[in-house]
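K.L.:
how would this look folded up:
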Amino acid sequence: MRVWGYLRASTKEQDADRAFNELETFAHSHDLKVSKYFKENESGASLQRPQLFLLLEIAERGDILLCEQIDRISRLTGQDWKTLRALIESKGIRVVSLDLPTSHQLLNVQDEFTSRMFEAMNAMMLDMLAAISRKDYEDRRRRQKQGIEKAKNEKKYRGRPVDENLHQKIQELLSDGKSWSKIQTLIGCSRATIAKVAKKSSLAEE
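P.N.:
Sure thing, here's the model as predicted:
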């Protein structure tokens, strides 16, 4: 049995390593060693998560996928969650999450009957927490949209504040002839942000 840690944050501005110490402490308290951490900054509401699927590709039957909370794995729609769960189950990987105590029991079971009982219980809890995570995601999106609409109606909405330092760095790199892909690699910004800066300075994509 090997343990694979998964760390996810939604945006590049958030720290995907935030929960690293908590996972390490948990692993140590259960006499486990995390073989490798897979880290990415991607939305939990999307199946487009290369590092998660790389983890699932490498992991073998009986291995542990260790995460901080179920919402680190899924804020997916019901159908997308079924797709992901089916892959996890077909690989025989056990999901252990710090916020799901029933999953901790999967680390210690020895006989097949007890293992199957805990796996069935854990699957039910996973489904429930995945649904809660999706509802929380949709509620926050709805409140955000309502707040923006209210601000627009009151003539107070100005959109996201511009990161002047980031735009300046992009401008300098564009002026130096760096490609958009190179700029993304160097400073981790999105192509949309580069496009905004390029449009202002009339610098086309290379």
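K.L.:
break this protein down into its domains, please.
P.N.:
Listed domain ranges for the chain are 3-136, 164-201 (source: automatic domain parsing).
K.L.:
quote the end-to-end distance of the last one.
P.N.:
Right, the one you point to is domain 164-201. 14 Å (Cα to Cα, to the nearest Å).
K.L.:
go on, stretch 108-117?
P.N.:
In terms of Cα to Cα, the two terminal residues of stretch 108-117 are separated by 13 Å.
K.L.:
could you check how far Leu52 is from Val96?
P.N.:
15 Å (Cβ to Cβ, to the nearest Å). Placement of C-beta: from N, CA and C, glycine included.
K.L.:
returning to what we had before: distance to Glu149 added to the domains of the chain, as JSON lines?
P.N.:
Below are the domains of the chain laid out as JSON lines (distance: least, Cβ to Cβ, whole Å):
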{"stretch": "domain 3-136", "distance to Glu149": "21"}
{"stretch": "domain 164-201", "distance to Glu149": "22"}
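K.L.:
so which of those is the most surrounded?
P.N.:
Among the domains of the chain, the stretch with the highest mean neighbour count (mean count of other Cβ atoms under 10 Å) is domain 3-136, at a mean of 16.
K.L.:
can you check the distance spanned by that one, start to finish?
P.N.:
In domain 3-136, first residue to last residue: 28 Å (Cα to Cα).
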